[in-house]
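Asks: Structure for the following, please:
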Amino acid sequence: MNSKIKLVSLGAIVAIALLLPTQVRANAPTPIDDTDGQPAALTGVEPLPEVVLDVLPEAGVPDAIAADPSQPPQGTTAGELVNANVNASPVNSDNGQADALLQPSSTNSLDLQLVEAPLDSGGLLQTPPAPPANIAQTTPNQPPSEQWHFLVVPYVYVPFNISGSATFKGTEEFRNNFLGDPTDPSRDPSRDFEFTPTEIRAALQNSLNFAFFSGLEAWTPNYNVGILANLDYLSLSSGETLTREVRRPGFANFIPTELNASLNTQLWRGDLAASYRFYDAARANPEGLNTEFDLGPFVFDVLGGLSLVQVNAQLGLSTNLGGSGQFSSTRTLVSPLIGGRFRWNASPKLAVLLSGTVSGFGLGGLTQYGVQGGVDWMFSGDTTLGAGYRFSFLDYSSSQLDLDVNQNGPYLNVGFRF
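Replies: Presented below is the predicted three-dimensional model:
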């Protein structure tokens, strides 16, 4: 009986030993044929641990079997565990691992699963750092404007005082006929004159026909180079009657004579100059240069050009003795001009100005000086209102007349920019 039992046990062990490799190989991962006939990779991508696979127990095996690793599970022999661990170990072959990485484990989309891989601190998948706030919020600078700047400034100038001297040279006949007795002190052809504001106002009311004063400026987009022009026009007419005693040929005594004189005068003056402007670009308005108020606190201009002066005069004379005459004269003088201007932008709406010019330099007998100072107030948009005081001096010399004139008075202007 015992021998039969031993034989049966030995046969069972042999049968189990013969069947075990087949069952283990059936449970081990096997390649799956690809649809194109190429063998697919193993279902597992990462290498399995070398000790014991953390796999779910097969059906019919209780969870308590794996509780004590020192005890073999019920219904399973020690040889089965050893063979299972050996067959479950991955193939230590570089070619096998490469094929497993390159080939998909399954062609069925249902078998695909998302796998979370931890990010390496030194890998390439790190999130790039966010740019600083000042860089992210900074917009590129606007391109500089290519538009020129234009300024038109009509103004009014009324002298408070006009003074000077005039020396009438003329001819001998002129002096004999119209200056009176050669022994009379009043025959001196030099005269000093001075007009008070009341006299000037009365003269303008009685003699002024038309007057126009205006300035024009054109500047490059960056306000560095400009073209400046100034145009003044004045038309005056006056008439006066003088009584003089004259000696006519054939008469022993002087005869009282009335002299009626009328004078019409048109005065043109035009200045044309180029200017270069100095200012601190670092302190200019960063939003753009629209007016002179955007150029920073201090601005200085140097200018040079030409000054043109033209005087047209028509003189009519008549006497009660029947004599009459008409005289006309036109004189045009072109002379060099230089000058400078200083500007202090005290605020975005208020500026203080100071300027001076010199022209003539004695060429053609003419020399002129001019100095003025004032303020500019931007009261509406790009429109300004200016006010100030002006001083000027003129020295003119010709073969018939020497004239020196000093005048000063306030001015008022309006500036239009476009």
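Asks: show me where pLDDT drops low in the stretch 151-300 of the chain?
Replies: Counting by pLDDT under 70, the stretch 151-300 of the chain contains low-confidence ranges at 168-190, 244-254.
Asks: show me where it has strands.
Replies: 161-168, 190-195, 208-219, 225-246, 255-279, 298-319 (DSSP state E, counting those that start in this stretch).
Asks: Just put the ones you listed in TSV and tack on distance to A351 and mean neighbour count.
Replies: Every residue, glycine included, has its C-beta placed from N, CA and C. Formatted as TSV, the strands of the stretch 151-300 of the chain follow (distance: least, C-beta to C-beta, whole Å; neighbours: other C-beta atoms under 10 Å):
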stretch	distance to A351	mean neighbour count
strand 161-168	27	16
strand 190-195	33	12
strand 208-219	14	14
strand 225-246	16	15
strand 255-279	12	16
strand 298-319	9	16
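Asks: and this structure, what are its domains?
Replies: Split into domains by automatic domain parsing, the chain comes to 2-107, 149-417.
Asks: now the shortest one: mean pLDDT?
Replies: When the per-residue pLDDT values of domain 2-107 are averaged, the result is 48.
Asks: about what we covered before: so can I have JSON lines of the strands of the stretch 151-300 of the chain showing distance to V375?
Replies: JSON lines is the format used below for these (distance: least, C-beta to C-beta, whole Å):
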{"stretch": "strand 161-168", "distance to V375": "22"}
{"stretch": "strand 190-195", "distance to V375": "28"}
{"stretch": "strand 208-219", "distance to V375": "16"}
{"stretch": "strand 225-246", "distance to V375": "20"}
{"stretch": "strand 255-279", "distance to V375": "19"}
{"stretch": "strand 298-319", "distance to V375": "14"}
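Asks: Figure out which of those is closest to D382.
Replies: Closest to D382 of the strands of the stretch 151-300 of the chain is strand 208-219 (C-beta to C-beta; 13.2 Å).
Asks: Listing partners with orientation, what would you give for that closest one?
Replies: strand 149-157 (antiparallel), strand 225-246 (antiparallel) (DSSP bridges).
Asks: Out of those, which gets nearest to T357?
Replies: Smallest distance to T357 across those (C-beta to C-beta): 9.2 Å, for strand 225-246.
Asks: quick check: angle from the closest one to strand 298-319?
Replies: Using axes from the mean of the first three to the mean of the last three C-alpha atoms, to 10 degrees, the direction of strand 225-246 lies 20 degrees away from that of strand 298-319.
Asks: so strand 225-246 versus strand 255-279, what angle?
Replies: Angle, strand 225-246 to strand 255-279, by the same axes, to 10 degrees: 170 degrees.
Asks: Let's have the strands paired with strand 208-219 in JSON lines, adding distance to T291.
Replies: Formatted as JSON lines, the strands paired with strand 208-219 follow (distance: least, C-beta to C-beta, whole Å):
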{"stretch": "strand 149-157", "distance to T291": "7"}
{"stretch": "strand 225-246", "distance to T291": "13"}
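Asks: Report the separation between the closest residue to S318 other than its chain neighbours and A273.
Replies: Take S318 and drop its neighbours on the chain: the residue closest to it by C-beta to C-beta, 6 or more residues apart in numbering is S324, 4.2 Å away. In this view, S324 and A273 are 45 Å apart by C-beta to C-beta, to the nearest Å.
Asks: Retrieve the pLDDT associated with A117.
Replies: 49.
Asks: Grab the nearest non-local neighbour of Y389.
Replies: P410 is the one closest to Y389 (C-beta to C-beta, 6+ apart), at 5.5 Å.
Asks: what's the answer for F393, then?
Replies: Counting by C-beta to C-beta, 6+ apart, F393 lies nearest to Y369, which is 4.5 Å off, once chain neighbours are set aside.
Asks: Ok, L267 next?
Replies: Among residues not flanking L267 along the chain, L234 sits closest, at 4.4 Å (C-beta to C-beta, 6+ apart).
Asks: Name the residues linked to the one you found by a beta bridge.
Replies: Judged by DSSP bridges, the bridge partners of L234 are A211, L267.
Asks: For it, list the residues it contacts.
Replies: Contacts for L234 (C-beta atoms under 8 Å, 6 or more residues apart in numbering) come out as L208, F210, A211, T265, Q266, L267.
Asks: Please repeat the previous calculation with a cut-off of 10 Å.
Replies: L208, N209, F210, A211, F212, F213, T265, Q266, L267, W268, R269 (C-beta atoms under 10 Å, 6 or more residues apart in numbering).
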